[in-house]
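Asker: Attaching a predicted model along with its sequence, questions to come.
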Amino acid sequence: MNSIEVNTIPICIIILLLSFPYSGVLTYLNLYAYQINLVNIASFFFIIYDIIVFLSRPITGKVMDYKGYNIVKYTAFIFYALSMFMLSTVNNSFVLLLIGSNMWLGFGNLQSATQVIAVKSTSQSRISIATSTYFIFFDADLGLSPYLLGYITPLNGYANMFGLMAIIILITGIVYFFIHGLKETKGKYSYILIVFKSKYYNSIKILAL
């Protein structure tokens, strides 16, 4: 197990679940766009995605530094699930491009935030192993998911598949809450309580006397 960082496995399960819907977009977007007569505009989908990456990542990085991971993660879960739901019902070019921007605000931020959590869950000497473990889970899912989705899509169609992906994303948000989000929330309130006690305990003690 020396080549796998065990401490990162819980959070790596999150990226495993999150990349499952995204791999469906990578694999089947063009086929779906052809089916709904939006194949010409679909070529701009990932261009919009990359532009939003460039503009938003520095901002979300600062938010994580000052406000913690949860505010970014929970917001991103909403954007990601919303983008998948919209993709399952899209019928015009503007909405398809809007989905591209929402998906970056969702999956793009979830991907980077999850990687940071994975790296920070281990010791300084094993950061490279933690990063490797993270990408093992991430890349394995991107490789295997299209194969699995190939069995689902013929049964339900592309639109229903993307709708199912939205549900999976919301469930993953709940899993994240129990794996990491709750721990961060408890740590934050513990810090607030310590600050409150150190600042006001003496004053309360004097008043009691």
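Answerer: Received the coordinates, thanks.
Asker: Secondary structure element for the most centrally placed residue in the chain, which one?
Answerer: In the chain, the centroid-proximal residue (Cα atoms, centre = their mean) is Leu110; its distance is 2.5 Å. For Leu110, the host element (DSSP states H and E) is helix 109-120.
Asker: quick one: the helix or strand that that helix is followed by to helix 109-120, angle?
Answerer: Next helix or strand after helix 109-120 toward the C-terminus (DSSP H and E): helix 127-176. If you take axes from the mean of the first three to the mean of the last three Cα atoms, to 10 degrees, helix 127-176 sits at 130 degrees to helix 109-120.
Asker: what residues are up against the residue nearest to the centre of the chain?
Answerer: 14-15, 18, 73, 76-77, 80 (Cβ atoms under 8 Å, 6 or more residues apart in numbering). Where C-beta positions appear, they are placed from N, C-alpha and C, glycine not excepted.
Asker: For stretch 54-66, what does the pLDDT average out to?
Answerer: Mean per-residue pLDDT for stretch 54-66: 85.
Asker: now do stretch 30-37
Answerer: For stretch 30-37, mean pLDDT rounds to 92.
Asker: buried set for that stretch?
Answerer: 32-33 (16 or more other Cβ atoms under 10 Å).
Asker: now stretch 43-57
Answerer: In terms of neighbour count (16+ other Cβ under 10 Å), stretch 43-57 has its buried residues at 45-46, 48-49, 52-53, 56.
Asker: same check, this time on stretch 91-99
Answerer: Residues of stretch 91-99 classed as buried under the neighbour-count rule (16+ other Cβ under 10 Å) are 95-97, 99.
Asker: could I get the contacts of Leu110 as JSON lines with distance to Thr27?
Answerer: As requested, the contacts of Leu110 are exported to JSON lines (distance: Cβ to Cβ, whole Å):
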{"residue": "Ile14", "distance to Thr27": "21"}
{"residue": "Ile15", "distance to Thr27": "18"}
{"residue": "Leu18", "distance to Thr27": "16"}
{"residue": "Lys73", "distance to Thr27": "25"}
{"residue": "Ala76", "distance to Thr27": "22"}
{"residue": "Phe77", "distance to Thr27": "22"}
{"residue": "Tyr80", "distance to Thr27": "17"}
